[in-house]
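Novice: structure of the sequence below:
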Amino acid sequence: MSDYLPVSDTDFTVWMQNFISYANANLSAIGLTAADLTPIQNAEAAWETAYTANVTAQAQAQSTRQAKDDARSEQVSLVRALVARIQASKTVTDAQRQALQLNVRSATRTPVGAPSSRPIAQVDISQRLRHTLSFMDELTPTSRAKPTGIIGCEIWNKIGGAPPVDPSEMTYLATDTRSPYTVEFDGSDAGKTVYYMLRWVNSRGERGPWSQTFSAMITN
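Specialist: Model (predicted):
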């Protein structure tokens, strides 16, 4: 059974006011005396004073916070414009930027390491004589973003026959820079199983480890 007293402060206040008003008007009928209600009326007066003060304080706090947020937003807008001028200046030194605690552009590029993770893929076979490969990285399977430094995904396949023992049995299709990749087949291939293997390639042409072999049937 739910509690008859409301949870919210506003509803609780309205409930108490109604209770006291009705009880005062019907003391004899409900078996009470004025003395029975005196402590509740005193407590109600104290409650309403505290409740009103709290509502006022909350409104003031909200107003104060909004003023603070507006002031920060204005300050950020002004300082970003000024920093943009400083960063674009050819006379400001990196030492001065550091003293201002600004970002200092690196003069050297961070070397790109060889790919260490593998692609994983899903194959859509819903279209006749077509496979649509959606590939992503095994470390971030819910994102289609390529790993840092990767320019594309090498896609290899084998049509029909037994599953490949190693990549030497596969045929190179493409290095795709953006998922998904579409493969079209001849009608004579309908019903055959296609085996795929993928691997990442970075901007230096270095290749990562092979993916697991996965397969899909060509629909007719």
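Novice: leaving out sequence neighbours, find the closest residue to Asn24.
Specialist: Leu37 (6.4 Å; CB to CB, 6 or more residues apart in numbering). C-betas here are computed from N, CA, C, even on glycine.
Novice: next structured bit after the lengthiest helix in the chain?
Specialist: In the chain, taking DSSP state H as the definition, the longest helix is helix 34-88. Where DSSP states H and E defines the elements, the next helix or strand beyond helix 34-88 is helix 94-99.
Novice: partners of the next helix or strand after that next one in the sheet?
Specialist: As assigned by DSSP H and E, the chain's next helix or strand after helix 94-99 is strand 119-124. Taking DSSP bridges as the criterion, strand 119-124 forms sheet pairs with strand 130-137 (antiparallel).
Novice: burial count for Met197?
Specialist: The tally of other residues near Met197 (other CB atoms under 10 Å) stands at 22.
Novice: ok now stretch 36-50, how far from the chain's centre?
Specialist: 49 Å (CA atoms, centre = their mean, to the nearest Å).
Novice: show the average pLDDT along that stretch.
Specialist: In this model, stretch 36-50 has a mean pLDDT of 95.
Novice: past the helix or strand Glu154 falls within, which element shows up next along the chain?
Specialist: Secondary structure from DSSP H and E places Glu154 in strand 150-159. Sequence order places strand 171-176 as the next helix or strand after strand 150-159, per DSSP H and E.
Novice: quick check: buried residues in that next one?
Specialist: Asp176 (16 or more other CB atoms under 10 Å).
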